[in-house]
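[1] below are the sequence and a predicted model for it; my questions follow.
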Amino acid sequence: MQKASAWPKKLAIAGAIILVISIAALVSFADDLEATTDPSLNSVIVLDGGESGQVNLSKDSSYLIFRLTNTNHNCTIIEEATQTEVTIGAPGWFESDRPGEGGELYYVVGSFIPDESGLHTLENTAEDGESLWIVDIFDVESDIVWITYASCCGIFCGSGLIPLAFILWRNGRKNVGKADLVMQTADGMLVPIAPADGGVQQRVPTTDEIWRSVHGGEVLTLSVSEPPEEEVPAPFADRPDRTSELSRVIDEVESVEEVVPDSGTERVDEPKKGWKSWDEG
């Protein structure tokens, strides 16, 4: 008989613990994360529409361009040492938009890595009033960011383990109690010879039981019942706990007739034989 697996329970407990810890960590660091990733508080330069400016950029870092509208970046970056324009690409899938402290949403519209470190000239070619923010993605508190990412992954993992545990539990319930032993009758039918009600098989059926089950329709009973223990009789006949046999013993004793030998009967003495008579013949 197949027993229920303990894995669904373990997965459900692990999923619940991971989910609770992840949510608690995300809530605890939510304010710090918002202040750390807000482009208006952590940008290397801010340019209004039609403005330009210069800033030192590093080739060992990566930069994002943010705007308040999800439009083209409309930004030109020139490296001063070589007068080479820096190529601006589309943001990656993990480079998401960021909320600000005032409830504003900053859209990431471009991403670039300088070819060389040094002074760069940046120009915002958008219309007046359409500002842009250049943010160094490594210029943040990495601990807070990694904790946030780990919390998000924990929520995703915990939310997946709980349904998985439920599915395994349902499948386990369907499999528990099925007969593992079957026999084939003369007409080709498969008849279970192990209990299918969730009980535990205690013994193997005998050949006679299998024959009677197949040909006589007798239901197999595979449970083992212990034989009742025989009561040990009391050692003395006059004990108070001995009621059934006491009267029978007393009646038998009273029915015994004592035989008294008759005094008038002549006793026949056997001839006394001694060694002398035997010797004399």
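    Perfect, I can see it now.
[2] residue boundaries of the helices in the stretch 51-200 of the chain?
    With DSSP state H, counting those that start in this stretch, the ranges of helices along the stretch 51-200 of the chain come out as 142-175.
[3] now the strands for it?
    52-57, 63-67, 75-79, 84-85, 98-99, 105-112, 118-124, 132-136, 182-184, 190-192 (DSSP state E, counting those that start in this stretch).
[4] among those strands, which is nearest I21?
    Closest of these to I21 is strand 98-99, at 23.8 Å (criterion: Cβ to Cβ). Placement of C-beta: from N, CA and C, glycine included.
[5] pick the most deeply packed of the strands of the stretch 51-200 of the chain.
    Burial of the strands of the stretch 51-200 of the chain is given as mean neighbour count (mean count of other Cβ atoms under 10 Å); strand 63-67 ranks first at a mean of 24.
[6] so which elements touch that strand?
    Applying 3 or more Cβ pairs under 8 Å, 6 or more residues apart in numbering; DSSP states H and E, we find strand 63-67 packed against strand 105-112, strand 132-136.
[7] reformat the strands of the stretch 51-200 of the chain as TSV; add mean pLDDT and distance to E209.
    TSV is the format used below for the strands of the stretch 51-200 of the chain (pLDDT from 0 to 100; distance: least, Cβ to Cβ, whole Å):
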stretch	mean pLDDT	distance to E209
strand 52-57	94	88
strand 63-67	94	79
strand 75-79	94	88
strand 84-85	92	92
strand 98-99	86	75
strand 105-112	94	76
strand 118-124	95	92
strand 132-136	92	81
strand 182-184	63	11
strand 190-192	63	12
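[8] make JSON lines out of the helices and strands packed on strand 63-67 and add distance to S159.
    Listed next are the helices and strands packed on strand 63-67 as JSON lines, based on distance: least, Cβ to Cβ, whole Å:
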{"stretch": "strand 105-112", "distance to S159": "25"}
{"stretch": "strand 132-136", "distance to S159": "30"}
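[9] I'd like the strands of the stretch 51-200 of the chain as a markdown table, with distance to I210 appended.
    As requested, the strands of the stretch 51-200 of the chain are arranged in a markdown table below (distance: least, Cβ to Cβ, whole Å):
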| stretch | distance to I210 |
| --- | --- |
| strand 52-57 | 86 |
| strand 63-67 | 77 |
| strand 75-79 | 86 |
| strand 84-85 | 89 |
| strand 98-99 | 74 |
| strand 105-112 | 75 |
| strand 118-124 | 90 |
| strand 132-136 | 79 |
| strand 182-184 | 6 |
| strand 190-192 | 9 |
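[10] just tell me which of those strands ends up closest to D208.
    D208 lies closest, by Cβ to Cβ, to one member of those: strand 182-184, at 13.6 Å.
[11] got a list of what the nearest residue to E79 once chain neighbours are set aside touches?
    Counting by Cβ to Cβ, 6 or more residues apart in numbering, H120 is the residue found nearest to E79 once chain neighbours are left out, at 5.5 Å. By Cβ atoms under 8 Å, 6 or more residues apart in numbering, the contact set of H120 is Q54, V55, N56, L57, I77, I78, E79, E80, V86, P114.
[12] give me that answer again for 6 Å
    Shown in contact with H120 (Cβ atoms under 6 Å, 6 or more residues apart in numbering): L57, I77, E79.
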